[in-house]
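Peer 1: Here you go, sequence then predicted model.
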Amino acid sequence: MIWFETAGNAVQLNQTKVILLSSIYNGKHGTFLYPLNIRQGITLFCSRSLIPQNWIKDQDRYIGRETYK
């Protein structure tokens, strides 16, 4: 079991608050990765880690589709 901490959807947090941990973490913004979703979690981690942080993209946000039940 791996903890994937995302800490929000701002680009400015990519380099410092997007982490993968093999132990328990006291963060509030994340999820556990299991064998069922490990590929999606690793892909998301890599894609967020590859975006360089600079002043132009500092306040950009990731927007996902809205789902209503």
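Peer 2: Structure's in. What do you need? Just so it is clear, the model here is predicted, and its values are computed rather than measured. Residues are numbered from 1 along each chain as shown.

Peer 1: outside of the least confident helix or strand in the chain by mean pLDDT, which residues touch it?
Peer 2: Ranked by mean pLDDT, DSSP states H and E, the weakest helix or strand in the chain is helix 14-17, scoring a mean of 82. Contacts made with helix 14-17 from outside it, assessed by Cβ atoms under 8 Å, 6 or more residues apart in numbering, are listed as 5-8, 29, 48-49, 51, 53. C-betas here are computed from N, CA, C, even on glycine.

Peer 1: now, which of these lie within helices?
Peer 2: Cross-referencing the contacts of helix 14-17 with the helices (criterion: DSSP state H) gives 48-49 as the overlap.

Peer 1: If any of the contacts of helix 14-17 are buried, give me the ChimeraX selection for them.
Peer 2: One line in ChimeraX is enough to select the buried members of these, burial here meaning 16 or more other Cβ atoms under 10 Å:
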select :5,6,48
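
Peer 1: got the contacts of helix 14-17 as a markdown table, with distance to Gln15 columns?
Peer 2: Formatted as a markdown table, the contacts of helix 14-17 follow (distance: Cβ to Cβ, whole Å):
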| residue | distance to Gln15 |
| --- | --- |
| Glu5 | 13 |
| Thr6 | 13 |
| Ala7 | 11 |
| Gly8 | 13 |
| His29 | 16 |
| Arg48 | 9 |
| Ser49 | 8 |
| Ile51 | 9 |
| Gln53 | 5 |
